[in-house]
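**Q** got a sequence here, can you build the structure:
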Amino acid sequence: MKKSKHSLEKLIKRRDAYKKMYRTIDGKLVLDEIIEYCKVYDVSMGSTPSATAFNEGRRSVGLHILHVLVQNDNALEYISKKLEEQYKNQILDEVI
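**A** This next block holds a predicted model:
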């Protein structure tokens, strides 16, 4: 069986890369600007359902960046296990 792309080691490596970048002056500037542009702290309700969907999509990018930056090892272990379970269930569904 092939391995899930969400192994604990990969999740930790990704998180550490985000944090390493965020610790630099330029990295912090760029990530903060992306988070601000994504309007993470704003209401995403638009004047139409399409505008709301667009705003939520943009906001989800900023939330993803923040989520990765604040993950601790216990959270990553939990996420890895849950994703591995989903992956195994998906493989079983494909076989059956």
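**Q** give me the low-pLDDT residue ranges for this structure?
**A** Low-confidence regions of the chain, defined by pLDDT under 70, span residues 1-6, 92, 96.
**Q** show me where it has helices.
**A** Using DSSP state H, the helices of the chain run over residues 8-22, 25-37, 49-70, 73-95.
**Q** for the residue nearest to residue 35 when sequence neighbours are not counted, list the residues it contacts.
**A** Excluding its sequence neighbours, the residue lying closest to residue 35 (C-beta to C-beta, 6 or more residues apart in numbering) is residue 62, at 4.5 Å. Where C-beta positions appear, they are placed from N, C-alpha and C, glycine not excepted. Contacts of residue 62 were listed using C-beta atoms under 8 Å, 6 or more residues apart in numbering, and they are 34-40.
**Q** would you mind checking those for buried ones?
**A** 35, 38, 40 (16 or more other C-beta atoms under 10 Å).
**Q** you'd agree the first one is up against residue 68?
**A** No: taking contacts as C-beta atoms under 8 Å, residue 35 lies outside contact range of residue 68: 11.5 Å.
**Q** coming back round to it: and which of the buried ones among the contacts of residue 62 is nearest residue 53?
**A** residue 38 (14.4 Å; C-beta to C-beta).
**Q** please report how far the residue nearest to the closest one when sequence neighbours are not counted lies from residue 80.
**A** Nearest in space to residue 38, with sequence neighbours left out and distances taken as C-beta to C-beta, 6+ apart, is residue 62 at 2.9 Å. For residue 62, the distance to residue 80 (C-beta to C-beta, to the nearest Å) stands at 23 Å.
**Q** residue 68 now?
**A** Residue 68 is 14 Å from residue 80, by C-beta to C-beta.
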